[in-house]
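[1] generate coordinates for the sequence data below:
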Amino acid sequence: MNIARTFNNWRKYRQTVTELGRMSSRELNDLGIARGDIRDVARAAIGR
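    Sure thing, here's the model as predicted:
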């Protein structure tokens, strides 16, 4: 994996974690996501 792709994946991961982290527990629950699963969801969003 090249540096640009690694950086872009990291940015997507951080953006997803930040956006989901700002949501209320109720909003996350509506999406079927537990607060403790945010990092796993972010990893899945970048294909890992």
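[2] okay, residue 1: pLDDT?
    For residue 1, the pLDDT comes out at 61.
[3] and the gap between the residue positioned nearest the centre of the chain and residue 14?
    Note on the chain: the residue nearest the mean C-alpha position is residue 42, at 2.3 Å, using CA atoms, centre = their mean. As judged by CB to CB, to the nearest Å, residue 42 and residue 14 stand 8 Å apart. C-beta coordinates here come from the backbone N, C-alpha and C atoms, glycine included.
[4] same deal with residue 31?
    For residue 31, the distance to residue 14 (CB to CB) stands at 19 Å.
[5] next one: residue 31 from residue 38, what distance?
    Distance, residue 31 to residue 38, using CB to CB: 11 Å.
[6] wait, residue 48
    From residue 48 to residue 38 the distance is 14 Å (CB to CB).
[7] those two: which is more packed in?
    Neighbours were counted for residue 48 and for residue 38 using other CB atoms under 10 Å; residue 38 has more, 18 against 9.
[8] what comes up buried for stretch 15-29?
    For stretch 15-29, a neighbour-count test (16 or more other CB atoms under 10 Å) marks 16-17, 20, 28 as buried.
[9] now swap in stretch 38-45 and tell me
    Buried positions in stretch 38-45, judged by neighbour count with 16+ other CB under 10 Å: 38, 41-42.
[10] now swap in stretch 32-39 and tell me
    Applying 16+ other CB under 10 Å to stretch 32-39 flags 33, 38 as buried.
[11] name the surrounding residues that touch the helix or strand harbouring residue 27.
    Take DSSP states H and E as the rule and residue 27 turns out to sit in helix 25-31. Residues from elsewhere that reach helix 25-31 (CB atoms under 8 Å, 6 or more residues apart in numbering): 20, 23, 34-35, 38.
[12] and the next helix or strand past that helix?
    Beyond helix 25-31 toward the C-terminal end (DSSP H and E), the next one is helix 38-45.
[13] what's the mean pLDDT across that next one?
    The model assigns helix 38-45 a mean pLDDT of 96.
[14] circling back: distance to residue 7 for the contacts of helix 25-31 - can I get that in CSV?
    Conversion of the contacts of helix 25-31 to CSV gives the following (distance: CB to CB, whole Å):
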residue, distance to residue 7
20, 21
23, 25
34, 29
35, 27
38, 21
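[15] alright, I will stop here.
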